[in-house]
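>>> Sequence and predicted structure below; questions after.
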Amino acid sequence: MLRGLFQPATLLVILAIVLIVVGPKRLPGIGSGVGKSIREFRKGTPDSPEDLADPVNEARQSVDEITIRKMEVRPVAVAAPTSAGEGGRICPKCSAGNASSSKFCGGCGAQIA
């Protein structure tokens, strides 16, 4: 549909109608206003898709950083006896003290006999 609009005969008819409606005195001012509008529009739009990708990548990186911060594992101190003499059991694998009722080591997960 736009192909027919940009043919020379069609453009001449449109320009003649605009000249009759607007008048010859105001036509240059309208033309410059349209040109300025097109220029401003082109300045506001990005030149390439890569220009749009930069803000998207920055937002994605900040979301990833927040996610990583939330997923950080912090060590937790576990109060357990350090020797079998205190009523606990010693892990044969890592020598960590465990409660006397535990069947598995709280440090390495090995089974305590």
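On my side now, so go ahead. Residues are numbered from 1 along each chain as shown.
>>> Angles on the backbone of Ile90, please.
Reported as degrees, to the nearest 10, the phi and psi values for Ile90 are phi -100, psi 130.
>>> Beta-bridge partners for it, please?
Gly97 (DSSP bridges).
>>> Isn't it up against Gly97?
Yes - using C-beta atoms under 8 Å, Ile90 is in contact with Gly97, at 6.1 Å. From N, CA and C alone the C-beta is placed, and that goes for glycine too.
>>> quick one: the residue positioned nearest the centre of the chain and Thr67, what's the gap?
Closest to where the C-alpha atoms of the chain average out (C-alpha atoms, centre = their mean) is Arg60, at 2.5 Å. As for Arg60, its distance to Thr67 is 11 Å (criterion: C-beta to C-beta, to the nearest Å).
>>> shaky segments in the chain?
Along the chain, segments meeting pLDDT under 70 span 1-2, 4-5, 46-53, 70-87.
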